[in-house]
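Novice: okay, here's the prediction I keep looking at, along with the sequence it came from:
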Amino acid sequence: MTLTLEPTPVETAPVKGPTAYAAPGQPGSLVSLNPRYDNFIGGRWVAPVSGQYMTNVSPVTGKPFCEVAKSTAADVELALDAAHAAKVAWGETSLADRAAVLNRIADALEANLEMLAVAESWENGKPVRETLGADLPLAIDHFRYFAGATRSLEGRTTEIDKDTVAYHFHEPLGVVGQIIPFNFPLLMAAWKIAPALAAGNCTVLKPASPTPWSILKLAEVIADVVPPGVINIVTGPGGEIGKALASSPRIAKIGFTGETTTGRLIMQYAAQNLIPSTVELGGKSPNIFFADVMAADDDFLDKAIEGLVLYAFNKGEVCTCPSRALIQESIYDKFMARCLERIRLIKQGNPLDPTTMLGPQVSIQQLEKISSYVDIGLQEGAECLIGGKRTPIDGEFADGYYYEPTVLKGHNKMRVFQEEIFGPVLAVTTFKDEAEAVEIANDSLYGLGAGVWTRDGSRAYRMGRALKAGRVWTNCYHLYPAGAAFGGYKISGVGRENHQMMLEHYSQTKNLLVSYSPKALGFF
Amino acid sequence: MSDHTATTAPVARVVATPAALGCIDRLVAERGPIMFFQSGGCCDGSLPMCFDKGELVVSDQDVLLGRVGGCPFYIDARQYEVWRHTQLILDVGAGAPEGFSLPASEDEHFIIRSRLLSDAVTGWTTTQGR
């Protein structure tokens, strides 16, 4: 398994060099497809109380391919019922058995890796080379990481005095609510579910409205290895069931990834119920290239060029998309020319073709938003170096949501430098020296990720410490290994994920303060 | 929080298209008063979020940009600093909202288009920002 974005797994994938995977439900496809999917509650498939379903569209073709439950608050209650019914037994399950369940989930995903990779690609639009090489391997490893972390969970004891001992136990919170985004449907599910289960909690999960189905495919393959009610999945509109879940007095914590206003709402609902929340709210991550990256034309320069082009990874629909490139002015012309050369080689089209590098945006909504951002960028005087419009594609993909990889040159006060576009749109500018690089990079409301590229280790360290961001990739970008804490500074969010510290975030601390002395205190 | 700041402005900092105004009228008729809040960040960030009025608690750190169809439209003060050289145009796009926002209609969501304001106007908004 690889935890990098190296293309190795794609090349070794059992199926086909240039041949595209068949779309789900089509003859020869690895992915079976039902016309309609229900909620996954208490280990069973449960029809929505209202009897209503909503259409699920593939961004690859712009056409509907199945229906999922259009749930209401009543379905959230059913899921909460199931989770509460399961919470005592799951919370009392031994660490060894909890870890075994997490490992069995990982094994089930691994056994179905290719099928799930194709399903996610079809629903989200991300290239299958990414789902095969990154999303699924990372999701699988995430469950294994927390299986291991669970086994290392230890309480602490403190000898207060010779007759008094403070014991500290981790106790599960109980039932938690989790709301995930559309950009990595399976990996974000893993990021949320694995630590919650590892700490002994049951979860009610709401997938993002544009990507409910691939998680239901995931539920199909793990249904037999997870005790009923431990994982519950309810699909439907955010305004209805997202609110019903987040504001429910029956959850003990709410975890959310998404945009800032809903982040505020989530924290507001949590405040009203006096429960903790974790919110990850996006960023506008700077990717900083110092002149010395061009000191030699070698592997490192090649890696740095790819590092810039990673803005197009997952079509730019990444909270940590390196969407602001800051390039030292002395190398700008030469370095940018090399990068544009690489961007021109991006192959766009059917994401089920393993050679495709850039698929469609997840929805028409996102496509329109990207267009409106490029429009305001041009109004603000940005120069379009490449792209800047929808990608015309013929045939069965003509109605898909394809946008050209785009680079806008401008300055950091422009809105395209200040707001997350969530598309394959890079805003590029220059800096004179290290001090200016820090100033521009930190001139942002957000602080989720950042990238620094230099051959000078001391500078890399100084930059890493000076940047106000939760993660600073140094001479790399877009690696998401389990064990590296992930979360934001500033308005990018509150809390961390992807690290065993999450076990604390999903636990209560129980203190037993025990006196072994037979003597009274002497006050009364 | 004053509700009167922007209504007498010489240049509105937020306006709405006829399509958006039509949706607002229908929503208000169905649900009662609504509010807008300009979002930012991940996923469907950068979209205007529409809620029943009072659903999101606004604070002194939020700026009332103006009113659209009689409904208040807010933005976070920090985001306003970054956006204030542009006029926001509330419009309607295809597809249901992907986050917690109310839909504009059965299968539509509210969107923002933007127009650059002249320096003279942004000079005004600088002094009259709240």
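Specialist: That came through fine.
Novice: now do the same for A:Leu367: helix, strand or coil?
Specialist: Three-state call for A:Leu367 (DSSP: H, G, I helix; E, B strand; the rest coil): helix.
Novice: count of residues packed around it?
Specialist: 23 (other C-beta atoms under 10 Å in any protein chain shown). Every residue, glycine included, has its C-beta placed from N, CA and C.
Novice: got it, and A:Lys432?
Specialist: Residues lying near A:Lys432 (other C-beta under 10 Å) number 10.
Novice: contacting residues for the closest residue to it other than its chain neighbours?
Specialist: Once flanking residues are discounted, A:Lys432 sits nearest to A:Glu329: 6.0 Å by C-beta to C-beta, 6 or more residues apart in numbering or on different chains. By C-beta atoms under 8 Å, 6 or more residues apart in numbering or on different chains, the residues touching A:Glu329 are A:430-432.
Novice: rerun at 10 Å
Specialist: Counting by C-beta atoms under 10 Å, 6 or more residues apart in numbering or on different chains, A:Glu329 touches A:291, A:429-433, A:436.
Novice: just A:Leu274 next, same as before
Specialist: Per C-beta under 10 Å, 6+ apart, neighbours of A:Leu274: A:Pro249.
Novice: what of A:Val128?
Specialist: A:10, A:13, A:15, A:20-21, A:114, A:117-118, A:120-122, A:135, A:350-356, A:359.
Novice: assign the residue nearest to it when sequence neighbours are not counted to helix, strand or coil.
Specialist: Distances taken as C-beta to C-beta, 6+ apart put A:Ser121 closest to A:Val128, at 4.3 Å, once the chain neighbours are dropped. Counting by three-state DSSP, the backbone at A:Ser121 sits in helix.
Novice: thought A:Ser121 was touching A:Pro127?
Specialist: Yes. Counting by C-beta atoms under 10 Å, A:Ser121 touches A:Pro127, with 6.7 Å between them.
Novice: now do the shared contacts for the two.
Specialist: By C-beta under 10 Å, 6+ apart, A:Ser121 and A:Pro127 have these common neighbours: A:350-354, A:356, A:359.
Novice: among the residues you listed, which two are most distant?
Specialist: A:Pro354 and A:Gly359 (11.8 Å; C-beta to C-beta).
Novice: out of the two, which sits in the busier spot?
Specialist: When A:Pro354 and A:Gly359 are compared for neighbours, A:Gly359 comes out ahead with 31 against 22, by other C-beta under 10 Å.
Novice: what number of residues lie near the residue nearest to the more buried one when sequence neighbours are not counted?
Specialist: In space, and not counting its chain neighbours, A:Gly359 is closest to A:Pro351: 3.2 Å by C-beta to C-beta, 6+ apart. Using other C-beta under 10 Å, A:Pro351 has 31 other residues around it.
Novice: check contacts around A:Pro351.
Specialist: If you count contacts by C-beta under 10 Å, 6+ apart, A:Pro351 has them with A:20-21, A:58-60, A:118, A:120-122, A:124-131, A:315, A:357-360, A:397, A:400.
Novice: redo that, cut-off 7 Å
Specialist: A:60, A:121, A:125-128, A:359 (C-beta atoms under 7 Å, 6 or more residues apart in numbering or on different chains).
Novice: show me what the longest helix belonging to chain B is packed up against.
Specialist: Of all segments of type helix in chain B, defined using DSSP state H, the longest is helix B:18-31. In this structure, helix B:18-31 packs against strand B:86-94, with contacts taken as 3 or more C-beta pairs under 7 Å, 6 or more residues apart in numbering or on different chains; DSSP states H and E.
Novice: is the strand it packs on in proximity to chain A?
Specialist: Yes. Judged by C-beta under 7 Å from any C-beta of the partner chain, strand B:86-94 comes into contact with chain A at B:86, B:93-94.
Novice: kindly export that strand (C-alpha atoms) in PDB.
Specialist: What follows is strand B:86-94, C-alpha atoms only, in PDB (Å, rounded to 0.1, in the frame of the first residue of the first chain):
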ATOM      1  CA  THR B  86     -17.100  44.200  -4.900                       C
ATOM      2  CA  GLN B  87     -20.800  44.400  -5.100                       C
ATOM      3  CA  LEU B  88     -22.600  41.200  -4.500                       C
ATOM      4  CA  ILE B  89     -25.500  40.200  -6.800                       C
ATOM      5  CA  LEU B  90     -27.800  37.500  -5.400                       C
ATOM      6  CA  ASP B  91     -29.000  35.200  -8.100                       C
ATOM      7  CA  VAL B  92     -30.300  31.700  -8.400                       C
ATOM      8  CA  GLY B  93     -28.500  28.700  -9.900                       C
ATOM      9  CA  ALA B  94     -29.600  25.200 -10.900                       C
END
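Novice: mind listing what it pairs with, with the direction of each?
Specialist: Here strand B:86-94 is paired, per DSSP bridges, with strand B:14-16 (parallel), strand B:108-116 (antiparallel).
Novice: whichever residue of chain A sits closest to chain B: neighbour count?
Specialist: Here chain A gets closest to chain B at one residue, A:Gly282, 2.8 Å apart by C-beta to the nearest C-beta. For A:Gly282, the neighbour count with other C-beta under 10 Å is 32.
Novice: contacts only, for the nearest residue to it once chain neighbours are set aside.
Specialist: Of all residues not flanking A:Gly282 in the chain, B:Cys42 sits nearest, at 2.8 Å (C-beta to C-beta, 6+ apart). Applying C-beta under 7 Å, 6+ apart, we find B:Cys42 in contact with A:181, A:257-259, A:281-282, A:319, A:420.
Novice: may I have the phi/psi pair for B:Glu106?
Specialist: Backbone torsions of B:Glu106, given as degrees, to the nearest 10, read phi -50, psi -50.
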